[in-house]
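Asker: sharing a model that was predicted from the sequence below.
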Amino acid sequence: MPNFRESDSGDIKFVESLLKQNGLPLDVLHESGARLYIAESGGRPVGTAGFEFYGHDALLRSVAVNVELQHKGLGSRIVDFMLEEAKRRNVGRVVLLTETARDFFLKKGFAVIARSEITNPALLASPEFTHACPQSAVCMQLILDKSVM
């Protein structure tokens, strides 16, 4: 079972390498509002994920696992941790864009939505929506708490 912690400056090279391995955008490393988390196993980093917060919406970013550890449930545990973190922060909805992991996120309870269903202007102005992910990326959401939306 991995341990989770917020990333620090010593994690930049690991996260950059992991994002490159998984074909994910690197801009999350330079976004001042992004919060990156590290999954560790046996004292070494093995995965990452990030959030950008826009009011009661959270944009889930950069879910990545070391290539040799993929398809062993680690990605699922990372997403579970991130969803618990979102709940602790009173997030009403988690949104993501993906080109490759649609089915994975469907299994985690996310639903495919049209980008036009996103009405939060700050979220729509995020790098993820404006240039990091192409228009062909699937938009998905998971409603955590309608009362805070």
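Answerer: That came in fine, so what should we check first?
Asker: now do the helices in the chain.
Answerer: 12-21, 74-88, 102-107, 121-124, 127 (DSSP state H).
Asker: ok, which of these comes nearest S62?
Answerer: helix 12-21 (6.0 Å; Cβ to Cβ). Heads up, the C-betas are built off the backbone N, CA and C, glycines and all.
Asker: just checking, what packs against that closest one?
Answerer: On a contact count with 3 or more Cβ pairs under 8 Å, 6 or more residues apart in numbering; DSSP states H and E, helix 12-21 meets strand 34-41, strand 44-54, strand 57-65.
Asker: hang on, R77 packs against E40?
Answerer: No: between R77 and E40 there is no contact under Cβ atoms under 8 Å: 11.8 Å.
Asker: who's more crowded, these two?
Answerer: It is R77, of R77 and E40, that has more neighbours when counted by other Cβ atoms under 10 Å, with 17 against 13.
Asker: ok, now which ones touch the more buried one?
Answerer: Neighbouring residues of R77 by Cβ atoms under 8 Å, 6 or more residues apart in numbering: 1-2, 39.
Asker: can you select the buried ones from these in PyMOL?
Answerer: The PyMOL command for the buried members of the contacts of R77 (criterion: 16 or more other Cβ atoms under 10 Å) is given here:
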select buried, resi 2+39
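Asker: give me the helix or strand of this structure that scores worst on average pLDDT.
Answerer: Here the helix or strand of the chain ranked lowest by mean pLDDT, DSSP states H and E is helix 127, holding a mean of 86.
Asker: deepest of the helices and strands packed on helix 12-21, which one?
Answerer: Ranked by mean neighbour count, the helices and strands packed on helix 12-21 are led by strand 57-65 with a mean of 25 (mean count of other Cβ atoms under 10 Å).
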